[in-house]
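Undergrad: 3D, please:
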Amino acid sequence: MADGATAPPRPDPGPDDVSWIEPPTCPRCGAFVRIYPTTYDRWVSLATVEMPAKDVPEPFRWRLTRLPDLSRVTIDIVALRVRGIDPLPGELVVPAHRMMCGPDW
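TA: Below is the predicted model:
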């Protein structure tokens, strides 16, 4: 919860389901979000754009990486919090959506 990984999981359509799945939106501001699993069985809502690390406060920095496997086809992508070694100021990170979301009124 401290990392902001409180999003609900993505819908898991069945193999015979051909209905359209709308892109997820934030319930507070209505903006599009990207929902990714983390490495510790939680889900996080991320912004749809990448930004330089210098523009994103440290608690909101995430990176997307593919799971290690033997296949060249990407099976799944997970979100990792940027911790430990700070990225270079110009390095791109994905901000958590709660940074981009408007304040509570």
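
Undergrad: Check the secondary structure at the residue in the chain sticking out farthest from the centre for me.
TA: Each residue of the chain has a distance to the centre, and by CA atoms, centre = their mean the biggest one is for Asp16: 27.3 Å. At Asp16 the chain is in coil, as set by DSSP: H, G, I helix; E, B strand; the rest coil.

Undergrad: Where does pLDDT dip in this protein?
TA: The model of the chain has pLDDT under 70 over residues 1-4, 11, 13, 18, 70-75, 102-105.

Undergrad: in it, which residue is closest to the centre?
TA: Centre-nearest of the chain using CA atoms, centre = their mean is Leu46, 3.4 Å out.

Undergrad: For the chain, which segments count as helices?
TA: Using DSSP state H, the helices found in the chain span residues 97-100.

Undergrad: All the strands of the chain, residue numbers only.
TA: 34-37, 43-46, 51-52, 61-66, 77-81, 92-95 (DSSP state E).

Undergrad: Would you tell me which of the ones you listed gets closest to Cys26?
TA: Shortest distance between Cys26 and the strands of the chain, using CB to CB, is found for strand 43-46: 6.9 Å. To be clear about C-beta, it is placed using only N, CA and C from the backbone, and glycine gets the same treatment.

Undergrad: by contact count, what packs against that closest one?
TA: Strand 43-46 is packed against strand 34-37, strand 61-66, helix 97-100, with contacts defined by 3 or more CB pairs under 8 Å, 6 or more residues apart in numbering; DSSP states H and E.

Undergrad: Strand partners (parallel or antiparallel) of the longest one?
TA: Same thing as strand 61-66. strand 77-81 (antiparallel), strand 92-95 (antiparallel) (DSSP bridges).

Undergrad: what's next to the shortest one, contact-wise?
TA: By CB atoms under 8 Å, 6 or more residues apart in numbering, the surrounding residues in contact with strand 92-95 are 34, 46-47, 49-53, 56, 60-64, 79, 82, 87.

Undergrad: Got a quick ChimeraX command for the buried subset of those residues?
TA: To isolate the buried subset of the contacts of strand 92-95 in ChimeraX, counting by 16 or more other CB atoms under 10 Å, use the following:
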select :34,46,47,50,51,53,56,60,61,62,79,82,87
